[in-house]
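In: Give the three-dimensional model of this entry:
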Amino acid sequence: MWFIYIAAGYLLGGIMFCKIIPLLLFKKDITELSDDKNPGAANVFIHCGVVTGLFCLALDILKGLLPVMLAERALDSEKMLFAAVICAPVLGHATAPFDRFRGGKCISTSFGVLLALLPQTRAVLLLAGLYILFSALRIQPHSRRSKLVFTLFGMISTTMLIIRGKPPLALGCAVISAAAVIKHSRLFTRTAEQPAAESVPQNV
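Out: Residues are numbered from 1 along each chain as shown. The predicted structure is shown next:
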């Protein structure tokens, strides 16, 4: 049962709805149209409109929420293996096994996973609060802001959950934050280097 829920969460997380839906409805590949090449809801909003963006956002949240919520009912969330259940949808989204392992930034799916953990932990409120705070402080670009948010989220949530005697949830939050920071670091580096590469004369 543990393997089934972990594998199902990973595979569901690996379905890139924000890339599939625009392709089906508008014949648009948002990873080609967007500057950061990210298959995320923000780019769907920009290139496909509010309705499609909200639909894709909901699907990305649900693919994190549903597998963890169902696993909570069937498995013992106090066992350390439950950390793998928490991480699976986010790691699936980050690695995208069905899309040549080009994953996304993990934000929406992370929120979905954390919503499923209510009321065991209110870590989702911490993540939302940090995003609101650093958005108000206008830290730019978005990738730098997200790296800071997830770094602080990982440190605070892991510490608090260990103090509360919930090591599986602490480990799960730590891995989620690490995955998001890594993905944002790679995407930020790639986006920053792209203009420099394009500025090189073609005849050189």
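
In: just the helices in the chain please.
Out: 2-13, 17-26, 30-33, 41-48, 50-74, 82-95, 107-116, 123-136, 142-163, 167-198 (DSSP state H).

In: out of those helices, which comes closest to residue 101?
Out: Residue 101 lies closest, by Cβ to Cβ, to one member of the helices of the chain: helix 82-95, at 5.4 Å. Where you see a C-beta, it was placed from the backbone N, CA and C, and this is true even at glycine.

In: Return the list of helices and strands in contact with that closest one.
Out: When contacts are defined as 3 or more Cβ pairs under 8 Å, 6 or more residues apart in numbering; DSSP states H and E, helix 82-95 packs onto helix 2-13, helix 50-74, helix 107-116, helix 167-198.

In: What ranges in the chain fall below the confidence cut-off?
Out: Applying pLDDT under 70 to the chain picks out residues 186-204.

In: Give the burial count for residue 117, as a bare number.
Out: 23 (other Cβ atoms under 10 Å).

In: my read: it touches residue 166, true?
Out: No: counting by Cβ atoms under 8 Å, residue 117 does not reach residue 166; the two are 9.6 Å apart.

In: if I pick residue 174, what's in contact with it?
Out: 154, 157, 158 (Cβ atoms under 8 Å, 6 or more residues apart in numbering).

In: can you tell me how far it sits from residue 133?
Out: Taking Cβ to Cβ, to the nearest Å as the measure, residue 174 falls 21 Å from residue 133.

In: could the helices of the chain be laid out in CSV, adding distance to residue 101?
Out: Converted to CSV, the helices of the chain look like this (distance: least, Cβ to Cβ, whole Å):
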stretch, distance to residue 101
helix 2-13, 13
helix 17-26, 13
helix 30-33, 13
helix 41-48, 19
helix 50-74, 17
helix 82-95, 5
helix 107-116, 16
helix 123-136, 25
helix 142-163, 20
helix 167-198, 12
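
In: Okay, the residue positioned nearest the centre of the chain and residue 79: tell me how far apart.
Out: Centroid check for the chain by Cα atoms, centre = their mean gives residue 106 as the closest residue, at 1.1 Å. Counting by Cβ to Cβ, the separation of residue 106 from residue 79 is 24 Å.

In: same thing with residue 104?
Out: With distances taken as Cβ to Cβ, residue 104 is found 29 Å from residue 79.

In: same deal with residue 129?
Out: Applying Cβ to Cβ to residue 129 and residue 79 gives a distance of 29 Å.

In: Equivalent analysis for residue 176, please.
Out: On the measure of Cβ to Cβ, residue 176 and residue 79 end up 18 Å apart.

In: more neighbours, these two?
Out: More neighbours surround residue 176 than the other of residue 176 and residue 79, with 29 against 13 (other Cβ under 10 Å).

In: OK, contacts around that one?
Out: 86, 87, 90, 106, 110, 113, 114, 150, 154.

In: mind checking how far the third one is from residue 139?
Out: Using Cβ to Cβ, one gets 23 Å for the distance from residue 90 to residue 139.

In: swap in the fifth one?
Out: According to Cβ to Cβ, residue 110 stands 19 Å off from residue 139.

In: Looking only at neighbour counts, state which of these two leads.
Out: With neighbours defined as other Cβ under 10 Å, residue 110 and residue 139 compare such that residue 110 has more, 28 against 15.
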